[in-house]
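# prediction below, plus the sequence it came from.
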Amino acid sequence: MLTAGVDIGSLATKVVILEADSSRILASVCLPSGPRPAEARRAALAEALGAAGVVASDLAATVSTGYGREGLEHSQGSVTEISCAARGAHLLDPAVRTVFDIGGQDSKVVRLDEDGYPTNFALNDRCAAGTGRFLEVMAQALGASVEKLDDLAMSAESPVTISRTCTVFAESEVVGLLAREVEPSRIAAGLCRAVAQRTAHLAQQIGVQPTVMLVGGVGQNRAIATELQAVLQMELVVPEEPQLVVALGAAAIAAERRLAALETEAAQGGSGA
Ligand code: ADP
């Protein structure tokens, strides 16, 4: 059975085509979301189907999630990112009990049970601090790309303390530190530490239970993963493609829903015979 999971995020739209029986990812894509979620969904899905060498009618079910799902027609099946993050993490590692999801404009901490269902969550969607957007603004102030920020931070001897939480004030602080000729690598390391501390602070609302997994686009930043591990004093699992985990969870939920529907149909057929 082939299913698709579509995660229409604030910045990036991710699609995973899943071979549900073997839990094998046949194809995945990540495209900018742009201003129209429905269009982003269509384009990303078409590209993923092409990459998998299948057509839309080969899909048994599709589930959409993410910020942009609310603008979609009801028939397109939508599920919260909380559920999808939990199920995606569970599929990759059934021992996971806490997921940190740091995306473009929000960050979440989700507690899940042994079956991959969320039991509690904490969400920061009010402020850019501690999100991918924060990193992008700071990378720009440092004259680096968001991808390069990681290498820069990893090369630092020691992080400088970034005292301002707010993105606007932290940006001024970075400009001030550069003017005082503080090493850019130390500033990058300080910024990564600040994101990790902010994320750990969010988790205090619901507590953290191991095994812990880091997902979302910001999960690609090794310096943040290392800092988060140090603040939590717990080992952190980072999957190979953290940005795809929510879309993977959506594809897994699509498969579960389809199987449930087939079972209902079979039961109804059976009782009618
Ligand atoms: P959303 O679902 O909100 O669109 P994603 O989980 O797709 O968010 O993550 C997008 C964010 O990931 C962007 O803010 C981007 O800056 C950040 N990002 C992408 N690549 C990297 C990287 N290599 N290191 C750190 N952050 C990254």
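Perfect, I can see it now. Residues are numbered from 1 along each chain as shown.
# how many neighbours does residue 32 have?
Counted by other C-beta atoms under 10 Å, the residues lying close to residue 32 total 11. Using the backbone N, CA and C atoms, a C-beta is placed for each residue, glycine as well.
# distance of it relative to residue 85?
From residue 32 across to residue 85, the span is 21 Å (C-beta to C-beta, to the nearest Å).
# against residue 141, how distant is the spatially most central residue of the chain?
Per C-alpha atoms, centre = their mean, the C-alpha nearest to the average position across the chain is that of residue 216, at 2.4 Å. Residue 216 is 22 Å from residue 141, where distance means C-beta to C-beta.
# tell me which helix or strand the closest residue to residue 114 other than its chain neighbours sits in.
Spatial nearest neighbour of residue 114, excluding adjacent residues (C-beta to C-beta, 6 or more residues apart in numbering): residue 94 at 7.3 Å. Assigned by DSSP states H and E, residue 94 falls within no helix or strand.
# isn't residue 94 right next to residue 88, touching?
No - contact criterion C-beta atoms under 8 Å: residue 94 and residue 88 do not qualify, at 12.0 Å.
# higher neighbour count, the two?
When residue 94 and residue 88 are compared for neighbours, residue 88 comes out ahead with 32 against 12, by other C-beta under 10 Å.
# buried stuff in the longest helix seen in the chain?
The residue-count maximum for a helix in the chain (DSSP state H) belongs to helix 245-272. Using 16 or more other C-beta atoms under 10 Å as the test for burial, helix 245-272 gives 245-255, 257-258.
# hmm, residue 215 is touching residue 247, no?
No - with contacts counted by C-beta under 8 Å, residue 215 stays clear of residue 247, the gap being 10.4 Å.
# give me phi/psi at the closest residue to the ligand within the stretch 51-200 of the chain?
Nearest residue of the stretch 51-200 of the chain to the ligand (C-beta to the nearest ligand atom) works out as residue 132 at 2.1 Å. Per-residue torsions, residue 132: phi -60, psi -30 (degrees, to the nearest 10).
# ditto for the one 10 residues further on
Backbone geometry at residue 142, expressed as degrees, to the nearest 10, gives phi -90, psi 0.
# list the contacts of it.
Applying C-beta atoms under 8 Å, 6 or more residues apart in numbering, we find residue 142 in contact with 149, 152, 174, 178, 184, 187, 188.
# just residue 158 next, same as before
Contacts here follow C-beta under 8 Å, 6+ apart; on that basis residue 158 touches 186, 189.
# tell me the SS of it?
Following DSSP: H, G, I helix; E, B strand; the rest coil, we place residue 158 in the coil state.
# which residues of the protein score low on pLDDT?
71-76, 270-273 (pLDDT under 70).
# quick check: residues of it near the ligand?
Listed as neighbours of the ligand in the chain under the rule C-beta under 6 Å from any ligand atom: 9-12, 66, 103-105, 132-133, 135-136, 146-147, 150, 216-218, 220-221, 243.
# how about the strands in this protein?
Secondary structure of the chain (DSSP state E): strands located at 2-8, 12-19, 24-32, 59-65, 98-102, 107-112, 118-124, 212-215, 236-237.
# what's the fifth one in contact with?
I take that to be strand 98-102. Contacts of strand 98-102 (C-beta under 8 Å, 6+ apart): 81, 85-86, 89, 107-112, 130-132, 195, 199, 203, 208-219, 224, 228, 236, 245-246.
# no further queries at this time; thank you.
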